[in-house]
Each structure stands twice: as C-alpha cells, then as structure tokens.
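Peer 1: I would like the atomic coordinates for the input below:
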Amino acid sequence: MRLVKKPGQTLDSHKFQQEVFRLWPIADVTTTASSITVSQGNTFILVSAVTNVVVSVPPSSQVRSMEVYVKKVDATANSVTVSGVVADTFDGASNIVWTTRNVSYALLADGSTRWFII
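Peer 2: Reported below is the predicted structural model:
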C-alpha cells in the first residue's frame with residue numbers, strides 16, 4: 001500500500017485506518033473453556049480453564065510461519081496444555097503445560113517438525 005500526501009493535502013485518519021485494516025486483516029481472537037484444535041483462523045486463544053484444557057496445534061510441516069498465541073486468563077489450578085502431532089516439538093519439548101494465570105506463549109511453526117516459543 002502506498003499513500004502519498006501532496007502539499008496542502010490532509011489525510012483522513014479514519015479512511016487511512018480502514019484501508020490499513022482492509023489490507024492487513026487482524027486475526028480472530030478465540031475464547032475457550034474447553035479443549036480446542038487450532039486452525040488458521042484462530043491464532044489468538046484465550047483460555048479459561050474451568051477444567052484442564054488442551055490446545056492442539058496443526059503439524060508444523062503444514063503451517064510454515066504460522067503464529068499462535070495462547071494465554072490462560074483464569075485463576076484456577078487447572079492446566080493449559082499446548083500439544084501437536086507426535087513428531088512436533090516446542091523448543092525441544094513434546095508439549096507445554098502451565099497453570100498460572102496471565103501466562104502466555106507465542107509460538108511460531110518452522111515448517112518441519114518444530115514450534116518455536118518466541
């Protein structure tokens with residue numbers, strides 16, 4: 001996108017913002033209280049773990065450069081587990097498990113068998 005301001009011209013900030021959002025869509029935010037399988041459309045996941053919750057990510061080999069953000073938003077002692085297919089690892093571990101409120105993980109698929117915690 002290229003916006004050029006000519007001398008004496010003002011840019012309508014509302015139109016500018018609309019154009020930016022049209023060209024750069026914001027990913028959906030998904031809120032869940034139960035286990036979920038991540039798809040391309042729900043990369044921001046807020047978990048209210050009223051029971052133990054598993055967030056399953058797709059195989060890294062199928063979603064190169066996909067980013068996934070998972071955050072536990074409740075104060076219970078229940079866990080959130082991020083897991084993938086058997087071959088995938090998360091910074092070398094087979095999964096990520098935590099129980100602390102407001103802890104989040106940002107993940108990036110490398111396109112082979114790894115998810116990096118970024």
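Peer 1: and the nearest residue to R64 once chain neighbours are set aside, how many neighbours does it have?
Peer 2: With Cβ to Cβ, 6 or more residues apart in numbering as the criterion, R64 has its nearest non-adjacent residue at 2.9 Å, and that residue is G111. C-beta coordinates here come from the backbone N, C-alpha and C atoms, glycine included. Each residue near G111 was counted by other Cβ atoms under 10 Å, and the total is 14.
Peer 1: any idea how far S39 is from G111?
Peer 2: Distance check for G111 against S39: by Cβ to Cβ, to the nearest Å, it reads 17 Å.
Peer 1: what do you get for V47?
Peer 2: As for V47, its distance to S39 is 16 Å (criterion: Cβ to Cβ).
Peer 1: Give me the more crowded residue out of those two.
Peer 2: Applying other Cβ under 10 Å to V47 and S39 shows that V47 carries more neighbours, namely 26 against 13.
Peer 1: Surely the more buried one touches N78?
Peer 2: No - applying Cβ atoms under 8 Å as the test, V47 and N78 come out as separate, 9.3 Å apart.
Peer 1: Pull up the overlap in contacts between those two.
Peer 2: V53 (Cβ atoms under 8 Å, 6 or more residues apart in numbering).
Peer 1: Find the nearest non-adjacent residue to S60, please.
Peer 2: With sequence-adjacent residues excluded and distances taken as Cβ to Cβ, 6+ apart, S60 is closest to A109, at 4.1 Å.
Peer 1: can you tell me which residues contact that neighbour?
Peer 2: The contact partners of A109, by Cβ under 8 Å, 6+ apart, come to V57, P58, S60, V63, R64, S65, M66, E67, V68, W115.
Peer 1: and if you look at T81?
Peer 2: With contacts defined as Cβ under 8 Å, 6+ apart, T81 is in contact with N52, V53, V54, V55, N95, I96, V97.
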